[in-house]
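>>> I would like the atomic coordinates for the input below:
(one chain, ligands or ions: 1)
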Amino acid sequence: MSTTRFVLIGSGLAGGLLAAYLGRRGYEVDLYERRADPREGNLVGRRSINLALSTRGIHALEQIGIADEVLKHAIPMRGRMIHEKSGGLHFVPYDVDPNKYINSIGRAALNTTVIEAAQRYPNVRVHFNHKCTDVDLDSATANLLNSSTSQQLNASGDAIIGVDGAFSAVRQSMQLKIDNFQYDESYLAHGYKELTIPPAADGGWQMKKEALHIWPRKSFMMIALPNPDGSFTCTLFWEFEGPRSFATTKTDDEVCNFFQQEFPDAVPLMPALLEDFRQNPTGSLVTIRCAPWFHKDKVALVGDAAHAVVPFYGQGMNAAFEDCVVLDECLAKFPDNRERAFAKYFSRRKENADALADLAVENFIEMRDKTASRAFRAKKKLDHLLEALLPGVYLPLYAMVTFTRMPYAEAARRARLQDRIVTGSLAIIVLAIAVLLVRLMIR
Ligand SMILES: Cc1cc2nc3c(=O)[nH]c(=O)nc-3n(C[C@H](O)[C@H](O)[C@H](O)COP(=O)(O)OP(=O)(O)OC[C@H]3O[C@@H](n4cnc5c(N)ncnc54)[C@H](O)[C@@H]3O)c2cc1C
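You can find the predicted model right below:
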C-alpha cells in the first residue's frame with residue numbers, strides 16, 4: 001500500500017504544527033503557504049504580534065517535543081493588571097495557585113518554530129509563495145498560484161486539509177460545492193488596532209512585566225502583553241462607528257485627546273502613539289461557525305478555517321493546536337478509514353468550538369466592563385477561596401478553560417452548574433443571616 005499523501009493549505013500556527021504531527025506519522029505532506037518564508041524577515045500578517053499560550057496549546061507542543069523550545073522565549077503573565085482612569089492599579093491573579101499562569105509569546109517566532117518542527121521530517125515539504133485559489137473536493141486537488149513566478153499549478157493528494165485561517169479558500173470551495181453546507185459569520189461592532197509601549201532606556205519593561213494589562217472602559221478597552229525585548233504590544237478594541245469611535249477619531253488632536261482622557265497613565269509610555277495609530281491597520285473581529293468540517297475522506301478543515309473565534313479568551317490558537325492533537329488521534333484510531341477519522345474529529349471538536357465561540361464573546365464583556373468593578377474583584381476572590389477549599393470539586397470557569405484540557409463545552413456546562421449552586425448557597429446564607437437578625441431583634 002502506498003503512503004497516504006496530504007496537501008495542507010496554510011502554514012500559519014496550526015498548519016506548521018499539523019504538518020509536524022502528520023510527518024511524524026510517516027505521511028507524505030506538502031504544505032502550501034501564500035506568504036513568503038517568515039524566516040526571510042516577512043511579517044506573519046495582519047494578526048496579533050503576540051499571543052497568550054496556555055495549557056491546551058502547551059500540551060499540543062509537548063506531544064511533538066517543542067514546548068520547551070517555545071516556552072524558553074515566553075513571558076509568564078500571572079494575572080490581570082487593571083488600570084483605572086484615575087491611575088489606580090489592581091492586580092488580580094489568574095489562579096489561587098501562583099504556578100498557574102498564561103504565557104506571552106511572539107507569533108512570528110512561534111510560527112517559525114512549528115514550521116521548523118515540521119521540516120525536521122524528510123517527508124514534509126513546505127512551499128512558500130503559493131496561494132490556493134480553489135479546491136476540487138472529489139479529486140483532492142488544490143489549484144494554486146505561485147506568486148514568485150505568477151504560474152498556476154495544482155497539487156493533488158489523497159486528502160487536502162485547509163489550515164488557511166478565518167478566510168479559508170478551502171472552506172470557500174466547500175461552501176460553493178457541498179449541498180447544505182452550513183456557514184455563519186458574525187462580526188463584532190468593534191475593531192482592533194495594535195500600538196506599542198517601547199522598552200525603558202535601560203532595556204527593561206516600563207510596566208509590571210508578568211501581567212496582562214487591561215484598561216477596561218465599559219464599551220471598549222485596551223490591553224497590553226509583554227514582549228521579551230522589554231516592549232509591550234497594546235491592542236485597542238474599540239467601536240468602528242459611533243460618536244466616539246475609530247470612524248470619528250482621525251486627526252492627531254482627536255487621537256491625543258481620546259488617549260489622554262481614557263488611558264492617561266499609558267500615554268507617556270507611548271512616544272510613537274500617533275504614528276502607530278495612523279500606520280497600523282484596524283482589524284475586524286469575526287466568529288465563524290460552519291459544518292461539516294470535512295468532505296468524504298478528501299477534505300478537512302482545522303483551526304480558524306473551521307472555527308474562528310474572537311480573541312478575548314486567548315484561546316483561538318490554543319484550540320487550533322488542540323484540533324491537531326485530536327485529528328492526529330483520530331487518524332491513528334482509524335488508520336484505514338480516513339472518512340471515519342475525519343467524522344470522529346469533527347464530532348469531537350464541533351460542540352467544543354461552538355462553546356468556545358460563545359465564551360470568547362462573553363469574555364469581551366467581562367474584560368472591558370466587569371474587570372473595572374469591585375464586584376468583579378470580590379467574585380475572583382470568592383472563586384479562589386472556593387477553589388482552595390474544595391480542590392478538584394470547584395474550578396472557576398477561567399481555570400477550566402485556560403489551565404485544563406477539559407472539553408470547552410463541558411467547562412461551560414460545569415461553570416453554569418457551579419454558578420447556580422454558589423448563587424443558591426449565597427441566597428440561603430443571606431436568608432439565614434436575615435432570620436437570625438430578626439430573631440435577635442425580636443428578643
Ligand atoms: C488580535 C488577535 C489576538 C489573538 N490573541 C490570541 C491569544 O492570545 N491566544 C490564542 O490562543 N489565540 C489568539 N488569537 C487567535 C489566533 O491568532 C488564531 O486562532 C490562530 O492564528 C489560528 O491559527 P490558524 O493556523 O488556524 O490560522 P492562521 O494563523 O490565520 O494561519 C493561516 C495561514 O494560512 C495562510 N493562508 C490563508 N489563505 C491562504 C491561501 N488561500 N493559500 C495559502 N495559504 C493561505 C495564511 O497566510 C496563514 O499563514 C488572536 C487573534 C487575533 C486577531
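
>>> OK, contacts around the closest residue to the ligand within the stretch 51-200 of the chain?
As assessed by Cβ to the nearest ligand atom, the ligand sits closest to Gly165 within the stretch 51-200 of the chain, at 3.0 Å. No exception for glycine: its C-beta is placed from N, CA and C like everyone else's. Residues in contact with Gly165 (Cβ atoms under 8 Å, 6 or more residues apart in numbering) are Gly10, Gly12, Gly303, Asp304, Ala305, Ala308.

>>> Show me which of the residues you listed is closest to Ile365.
Distance to Ile365, by Cβ to Cβ, is smallest for Ala308 among the contacts of Gly165, at 19.2 Å.

>>> Measure how buried the closest one is and give me the count.
Residues near Ala308, counting by other Cβ atoms under 10 Å, number 24.

>>> Please verify my assumption that Pro281 contacts Lys193.
Yes. At 7.4 Å, Pro281 counts as touching Lys193 under the criterion of Cβ atoms under 8 Å.

>>> Give me the more crowded residue out of those two.
Comparing Pro281 with Lys193 by other Cβ under 10 Å, the one with more neighbours is Lys193, at 18 against 10.

>>> Which residues are in contact with the residue lying closest to His190 once chain neighbours are set aside?
Spatially, and ignoring its direct neighbours in sequence, His190 is nearest to Phe237 (5.1 Å; Cβ to Cβ, 6 or more residues apart in numbering). Listed by Cβ under 8 Å, 6+ apart, the contact set of Phe237 reads His190, Gly191, Tyr192, Phe220, Met221, Met222, Ile223, Leu285, Phe364, Arg368.

>>> was I right about Glu210 contacting Met77?
Yes. Between Glu210 and Met77 there is a contact under Cβ under 8 Å: 6.0 Å.

>>> okay, those two: which has more neighbours?
Using other Cβ under 10 Å as the criterion, Glu210 and Met77 rank with Met77 on top: 23 against 15.

>>> Do you know the pLDDT at the residue nearest to that one when sequence neighbours are not counted?
Excluding the flanking residues, the one nearest Met77 by Cβ to Cβ, 6+ apart is Leu212, at 4.5 Å. Looking at Leu212, its pLDDT reads 98.

>>> If Leu212 is in a bridge, with which residues?
Here Leu212 sits in beta bridges with Arg80, as judged by DSSP bridges.

>>> What ranges does this protein have for its helices?
Taking DSSP state H, the helices of the chain run over residues 13-24, 55-63, 67-71, 107-119, 169-177, 252-262, 273-279, 304-307, 316-333, 338-368, 374-389, 397-403, 408-442.

>>> Also compute the angle for the longest one relative to helix 316-333, please.
When axes from the mean of the first three to the mean of the last three Cα atoms, to 10 degrees is applied, the directions of helix 408-442 and helix 316-333 differ by 130 degrees.

>>> what's helix 408-442 packed up against?
When contacts are defined as 3 or more Cβ pairs under 8 Å, 6 or more residues apart in numbering; DSSP states H and E, helix 408-442 sits against helix 338-368, helix 397-403.

>>> Same check on the third one?
For helix 67-71, the helices and strands in contact under the criterion 3+ Cβ pairs under 8 Å, 6+ apart are helix 55-63, helix 107-119.

>>> and the stretch 301-443 of the chain, which residues reach the ligand?
Gly303, Asp304, Ala305, Pro311, Gly314, Gln315, Gly316, Met317, Asn318, Ala320 (Cβ under 6 Å from any ligand atom).

>>> change it to 5 Å
Gly303, Asp304, Pro311, Gly314, Gly316, Met317, Asn318, Ala320 (Cβ under 5 Å from any ligand atom).

>>> wouldn't the last one be in contact with Gly10 here?
No. Judged on Cβ under 8 Å, Ala320 makes no contact with Gly10 at a distance of 10.7 Å.

>>> Need the pLDDT of the spatially most central residue of the chain.
Compute the mean C-alpha point of the chain, and by Cα atoms, centre = their mean the closest residue is Gly316, 2.6 Å away. Per-residue confidence (pLDDT) for Gly316: 98.

>>> Near the residue of the chain found nearest the ligand, how many other residues are there?
Closest contact between the chain and the ligand, by Cβ to the nearest ligand atom, is at Gly12 (1.9 Å). Close neighbours of Gly12, defined as other Cβ under 10 Å, add up to 26.

>>> any idea how far Val302 is from it?
10 Å (Cβ to Cβ, to the nearest Å).

>>> Residues that sit against both of those two, list them.
Val163.

>>> what residues are up against the nearest residue to Tyr398 once chain neighbours are set aside?
Nearest non-adjacent residue to Tyr398, counting by Cβ to Cβ, 6+ apart: Tyr94, 6.8 Å away. With contacts defined as Cβ under 8 Å, 6+ apart, Tyr94 is in contact with Met77, Arg78, Gly79, Arg80, Lys100, Tyr101, Ile102, Tyr398, Ala399, Thr402, Phe403.

>>> circling back: and the contacts of Phe237 as CSV, adding neighbour count?
Formatted as CSV, the contacts of Phe237 follow (neighbours: other Cβ atoms under 10 Å):
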residue, neighbour count
His190, 21
Gly191, 20
Tyr192, 21
Phe220, 19
Met221, 24
Met222, 23
Ile223, 23
Leu285, 21
Phe364, 19
Arg368, 23
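
>>> Hmm, which of these is lowest in pLDDT?
Arg368 (88).

>>> wait, doesn't that one sit right on Arg217?
Yes. With contact defined as Cβ under 8 Å, Arg368 counts as touching Arg217 (6.8 Å).

>>> So which bits of the stretch 151-300 of the chain are right by the ligand?
Asp164, Gly165, Ala169.

>>> cutoff 8 Å now
Within reach of the ligand by Cβ under 8 Å from any ligand atom, the stretch 151-300 of the chain has these residues: 163-170, 192, 194, 225, 235, 283, 285.

>>> Can you turn the buried part of those residues into a PyMOL selection?
In PyMOL syntax, the buried subset of those is picked out as below (16 or more other Cβ atoms under 10 Å):
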select buried, resi 163+164+165+166+168+169+170+192+194+225+235+283+285
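
>>> Can you name the residues bridging to His90?
With DSSP bridges as the rule, His90 is bridged to Ile82.

>>> no wait, Leu8
Beta bridges link Leu8 to Leu31, Ile161, judged by DSSP bridges.

>>> what's around Arg39, how many residues?
Neighbours around Arg39, by other Cβ under 10 Å: 12.

>>> Give the rounded mean pLDDT of stretch 38-51.
Computed over stretch 38-51, the average pLDDT equals 72.

>>> From the opening residue of that stretch to its closing one, how far?
17 Å (Cα to Cα, to the nearest Å).
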